[in-house]
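Q: got a predicted structure here, sequence first:
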Amino acid sequence: MPPTDPPNLPPSVQEERAKYGEEKPKAKDTARLIWASKPRKEPNPKDLEFQTAEEVYPNVADIRDRKLSAYATNGRKIAESPNRLIWGDNLLVMQALLAQGYAGQIDLIYIDPPFNTGENFNFNNEVKIGDATYEKELPINERLAYTDTWSRGLDSFLDMMHPRLQIMRRLLSENGSIYVHCDWHISHHLRLILDEIFGQENFLNEIVWKRRGGTTSPDAKVFPRITDTILLYSKSKNFLLRPQFYKDPYDPYLNRFNRDDGDGRKYNLIPLNASQPRPSLIYEYKGYKPPKYGWSVSPERMKALDDAGLLYFPESKEQRINKKSYLDEWPGQPVTSLWTDIKLVNPMAEERLDFPTQKPERLLERIANTSSSEGDLIADFFCGSGTTGAVAERLGRRWILSDISKTAVQVTRSRLVNQNSNPFVLENLGNYQRQLIYAKEVNLKQMYAIILKLYGAVLRPDMQGFGISREDKSTLVYVCEPDRAMTAKKAIDLARLARSMDGKGYRNLVILAWDYDYDFDDAYKKMAKNKEKELSDTEFKIIPSDVYKYLRSTKLGDPELAKKITFYQKPYIRISEPEIKRLDGNTFGVKVRIEQFVVMDLPLKDESKRPEIEKCLAKNFAYLIDYWTVDWDYNGDVFRSEWQAIRDRRGDQPVPVVAEKTLEKGKRYTIAVRVVDVFGNDAAGTKEIDLR
Ligand SMILES: C[S@@+](CC[C@H](N)C(=O)[O-])C[C@H]1O[C@@H](n2cnc3c(N)ncnc32)[C@H](O)[C@@H]1O
């Protein structure tokens, strides 16, 4: 049976043509945007589980002064519904939020989707390692997302935006509003699809933001483009819009504040004349005659203003009384739909993070102040460097941020930590590959076969996920399931199985996993101790995100697949044995140090630069670290980031590699350490100490 379409779908292009093409019956407000691949179904909620990568308890004192001295967490607790920074494709993220009951819960959404056409995505692909800057390769999920977004030009961009805007509407609260930041390339298209999704009647403003001043040249072909467009829609008629004001030091209006009463307070005179006839307000006050239409205030109000010293009485009783408006109480000019007073983030600004599309905090402050109140929930699903979160945090709003780019999430996390924000959670929907598999619904069986082939192994049809190396028949290869991290226990079981499999056993086992458990290295070492004879020699490798390219497009029989991509060893950190010093009867000073951090996967645009980087890292591996964090009392489940070290903005200094903390006597502690490098690789390890 052919699938039937759910009711109330927008008609296809063909149906539209059939309907309006020839006859064009006259109707009202039918105009809207159609394109060949316009999605016909609204996306559904998706019951995907978020994984908590970290609970982050920012701890700035340590980082700023670099003393790395013992430091307590301030006792700040994670809120019951905490602020969330989510790494993932925002379509999946929003579908999962809907499934978690977020429909109608968000009061304000700001988005600034990437809207450059063509290949020019303006992403910051540069990493600084030591004194040099290198260009890195974007991870496959980001590359795919961007090519998916623009592969068919505008059509694919609209395909991307349409379902996302539909979900955003569902997530907005009845009083909520959405600000969609764009520019001349696509503002006219977005305006039409926003009209369709939110309703023309809920269109509030087209805000024109003058980003910069313009320069031009005699051979210019267009006027310099110096503005962005921010489209503002509400969900219903009951939206919040708090008028805003701004002050410009060059505003000629300021010249009007030219009087003072000798106390230095400058003021301006505001007439108190009614603008239309007000018979009830025609009265004489202190001998001053009323204006023709009467005063604009009642006699009581006039008296109150007088008592407050706010009236100006001209010498001649024939003239009118005015109200004094003091410069120091003047709120400024009302903000209109033309915003000229907010400048781009300048290169020297404190807030600058070298994120190419970073928007100024003042812009978000204005938006948050206009359309949200303290305690409201604000979301930005294309959060980039996290400007919306930084502002929401400062203004006492709750927030949800998401971004598909790991770098963006890293920048945002560091920004919030540096601003000493309230504790928040960092979440994801699993690794890149898992998200892509969810998004595209890849067949798992084929996936195992393709990965084994890519590695250079021959699939064993009798056992799912197993293969044998083409080059070395004594090496068994195992591909881990995409939806879980490899644990030490599972790896030991596999190594034991490999040793005895097929009667003869296999000398070597290679495990290809998407992710490894937090304490994988230590736990494996511990479990494998003195069992060399029972276990095959095992190597642990990471399935690189590039496999996804092949998962999408490769025919299974392709013999060319082998060795197309490199499977690197998993990143590895070595942590020192903690140094423990008794401080008093009840406390100990505990110090941990990262002794080594090894990453094989350096995704560089120009591979020939690798030796140069390796040389620099041989001198100091810490140049590679972007962020590292410690949970001093890891519970084996959620990583509580209580101590953080972050590379400074310029990136020319390596991070310190020692962390220190005072711990109470009386229990065993598992100290967990997590390191994230400038390419987004991460590694973790644990150490146990006994303070009983
Ligand atoms: C123009 S930037 C946002 C900049 C941000 N307003 C700021 O102030 O830093 C757009 C962001 O959207 C992200 N993005 C693009 N496609 C996405 C998707 N499908 N899901 C989540 N984030 C996405 C990009 O990674 C990029 O960081």
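A: Happy to help now that I have it.
Q: count of residues packed around the residue in the stretch 351-500 of the chain positioned nearest to the ligand?
A: At 2.4 Å from the ligand, residue 384 is the closest residue in the stretch 351-500 of the chain, using C-beta to the nearest ligand atom. C-beta here means a position set from N, CA and C on the backbone, and glycine is covered the same way. Neighbour count of residue 384, defined by other C-beta atoms under 10 Å: 25.
Q: and it, what helix or strand is that in?
A: Here residue 384 is covered by no helix or strand, with elements defined by DSSP states H and E.
Q: for the nearest residue to residue 362 once chain neighbours are set aside, give me its contacts.
A: Excluding the flanking residues, the one nearest residue 362 by C-beta to C-beta, 6 or more residues apart in numbering is residue 342, at 4.8 Å. With contact set as C-beta atoms under 8 Å, 6 or more residues apart in numbering, residue 342 has these partners: 209, 360, 362-363, 366.
Q: wait, residue 165 sits on residue 193?
A: Yes - taking contacts as C-beta atoms under 8 Å, residue 165 lies within contact range of residue 193: 6.5 Å.
Q: can you tell me the SS state at residue 230?
A: Following DSSP: H, G, I helix; E, B strand; the rest coil, we place residue 230 in the strand state.
Q: let me fix that, I meant to ask about residue 390.
A: helix.
Q: please apply the same query to residue 30.
A: Per three-state DSSP, residue 30 ends up coil.
Q: where does the stretch 551-692 of the chain get nearest to the ligand, which residue?
A: For the stretch 551-692 of the chain, C-beta to the nearest ligand atom, closest residue to the ligand: residue 680, 12.3 Å.
Q: my read: that residue touches residue 411, true?
A: No - Residue 680 sits out of contact with residue 411 when judged by C-beta under 8 Å, with a separation of 11.1 Å.
Q: so between those two, which is more surrounded?
A: residue 411 (23 against 20).
Q: the more buried one belongs to a helix, doesn't it?
A: Yes - assigned with three-state DSSP, residue 411 falls within a helix.
Q: that one and residue 488: what is the separation?
A: 32 Å (C-beta to C-beta, to the nearest Å).
Q: for residue 537, same thing?
A: 16 Å.
Q: for the two, indicate the residue with more neighbours.
A: Neighbours were counted for residue 537 and for residue 488 using other C-beta under 10 Å; residue 488 has more, 19 against 15.
Q: which one is the more buried one nearest to, not counting chain neighbours?
A: residue 523 (3.5 Å).
Q: C-terminal to the lowest-mean-pLDDT helix or strand in the chain, what's the next element?
A: Ranked by mean pLDDT, DSSP states H and E, the helix or strand of the chain with the weakest confidence is helix 60-65, at a mean of 50. Remark: after helix 60-65, the chain's next helix or strand is strand 83-87, criterion DSSP H and E.
Q: what's that next one in contact with?
A: By C-beta under 8 Å, 6+ apart, strand 83-87 touches 50, 53, 93, 383, 386, 389, 392-393, 398-404, 406, 409, 412-413, 416, 421-422, 424-429.
Q: what of stretch 469-482?
A: Contacts of stretch 469-482 (C-beta under 8 Å, 6+ apart): 430, 433-434, 437, 444, 447-448, 451-452, 455-458, 465-468, 486, 494, 498, 501, 506-514, 536, 543, 562.
Q: can you do 7 Å?
A: Applying C-beta atoms under 7 Å, 6 or more residues apart in numbering, the contact partners of stretch 469-482 are 433-434, 437, 448, 451-452, 455-458, 465-468, 486, 494, 498, 501, 506-514, 562.
Q: same check, this time on stretch 94-103
A: 43-48, 50, 164, 167, 170-171, 381, 429.
Q: that one vs the ligand: in contact?
A: No - using C-beta under 6 Å from any ligand atom, we find that stretch 94-103 stays clear of the ligand, coming within 9.1 Å at best.
Q: avg pLDDT for the host helix or strand of residue 408?
A: Assessed by DSSP H and E, residue 408 sits inside helix 406-418. Mean pLDDT, taken over the full extent of helix 406-418, equals 90.
Q: can you name the next helix or strand after it?
A: Per DSSP H and E, the helix or strand that comes after helix 406-418 is strand 424-428.
Q: what about residue 521, which SS state?
A: helix.
Q: name the nearest residue to it, ignoring sequence neighbours.
A: Spatially, and ignoring its direct neighbours in sequence, residue 521 is nearest to residue 685 (5.8 Å; C-beta to C-beta, 6+ apart).
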